[in-house]
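Q: from the sequence below, what's the structure:
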Amino acid sequence: MDFPNLLLLVESAQYLISQIEKHPDYQALDYQPDLTIGDAQTALSYLKCELDSNQPFSINLET
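A: Residues are numbered from 1 along each chain as shown. Next up is the predicted model:
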């Protein structure tokens, strides 16, 4: 089974969460969960940093 690139999925999730946070319907809710949008953003940021640090370096030299 082919899976999409994990880094791309994380970046997509970060974008979607930011859009949810800005949405007027979300802002109108009296929603106070134990874990917040900010917690989700932080978790995804940590995951992205982990993925970035595990990416092999690619050096393209033009000759």
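
Q: from now on I want contacts and neighbour counts done on CA atoms only, so please keep to that.
A: Fine.

Q: which residues in the protein form helices?
A: Assigned by DSSP state H, the chain shows helices spanning 6-22, 24-28, 37-53.

Q: helices or strands next to the last one in the packing?
A: For helix 37-53, the packing partners by 3 or more Cα pairs under 8 Å, 6 or more residues apart in numbering; DSSP states H and E come out as helix 6-22.

Q: just want the angle from the helix it packs on to helix 37-53.
A: 160 degrees (axes from the mean of the first three to the mean of the last three Cα atoms, to 10 degrees).

Q: low-confidence stretches in this protein?
A: 57-63 (pLDDT under 70).

Q: now with 90?
A: 1, 30-32, 54-63 (pLDDT under 90).

Q: can I get the helices of the chain in TSV including mean neighbour count?
A: Listed next are those as TSV, based on neighbours: other Cα atoms under 10 Å:
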stretch	mean neighbour count
helix 6-22	14
helix 24-28	10
helix 37-53	14
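
Q: can you pull the contacts of the most centrally placed residue in the chain?
A: Nearest to the mean C-alpha position of the chain, by Cα atoms, centre = their mean, lies Gln14 at 3.1 Å. Contacts here follow Cα atoms under 8 Å, 6 or more residues apart in numbering; on that basis Gln14 touches Gln41, Leu44.

Q: so the residue nearest to Ala40 when sequence neighbours are not counted versus Ser53, what's the distance?
A: With sequence-adjacent residues excluded and distances taken as Cα to Cα, 6 or more residues apart in numbering, Ala40 is closest to Ile17, at 7.9 Å. According to Cα to Cα, to the nearest Å, Ile17 stands 23 Å off from Ser53.

Q: ok, now Ala43?
A: From Ala43 to Ser53 the distance is 16 Å (Cα to Cα).

Q: do Leu7 as well
A: 11 Å.
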